[in-house]
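*Asks:* got a predicted model here, sequence first, then my questions.
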Amino acid sequence: MKWNQKGVTLVELLATLVIASLIVGIAWTALSIGMKHSAIEKNETHLQQEANLIITTLANAHRQNDYYTLRYNAKNQLEIQVCQKAATCNVSTAPFIRVASGVHDYTGTKIRDNKFDASTDTPVLIEPKKNHAKFTLQLDGKVKVNTTFTRIITD
């Protein structure tokens, strides 16, 4: 008597399902880890671009103006005001302009080794013709940029 062996046994079917499930599970895990890592890298790249924008804006103000003031507004956003005279900074009608497009935590930011972050309520006057400005920018505790804004110092 010969048995007709066409078809799949239950054991073969279960073994195939287990192997397929393992392959799909491993692939899904690898894909989700890759997507999470990509999102983290995207955020860090965005923060670095914001830091570069802030540094470039401040460097341009330092090179092109005799006086400028930095402050944080009520929403803890970094702002700059360009002035013609030191006495008119922070009291003139010249507007303060936001330096960065995003809202960031500036804790750890320093100007001339003095704390200058959102908890600082006093605007800082910078006089490029008299002093170089050592600046440490800290964004959201993740990106830190140390630089010095320089210009030919004159009397």
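*Replies:* That came through, no problem.

*Asks:* part of a strand, is K36?
*Replies:* No: K36 is assigned helix when assessed by DSSP: H, G, I helix; E, B strand; the rest coil, not a strand.

*Asks:* low-confidence ranges in the protein?
*Replies:* Within the chain, the stretches with pLDDT under 70 are 1-5, 92, 154-155.

*Asks:* all the helices of it, in order from the start?
*Replies:* Ranges of helices within the chain are 10-64, based on DSSP state H.

*Asks:* next, the contact list for the spatially most central residue of it, please.
*Replies:* The structure's the chain has its C-alpha centroid closest to L47; by Cα atoms, centre = their mean the separation is 1.9 Å. By Cβ atoms under 8 Å, 6 or more residues apart in numbering, the contact set of L47 is H104, L139, D140, K142, V143. Every C-beta, even on glycine, is put in place using the N, C-alpha and C of the backbone.

*Asks:* if we take those residues, which one ends up nearest to R112?
*Replies:* L139 (19.2 Å; Cβ to Cβ).

*Asks:* distance check, that closest one against Q48.
*Replies:* For L139, the distance to Q48 (Cβ to Cβ, to the nearest Å) stands at 9 Å.

*Asks:* now do T57
*Replies:* 15 Å.

*Asks:* what does N65 give?
*Replies:* Separation of N65 from Q48 (Cβ to Cβ): 26 Å.

*Asks:* looking at these two, which is more packed in?
*Replies:* Taking other Cβ atoms under 10 Å, N65 and Q48 do not tie; N65 has more neighbours (18 against 14).

*Asks:* list the residues that contact that one.
*Replies:* N65 touches V82, C83, P128, counting by Cβ under 8 Å, 6+ apart.
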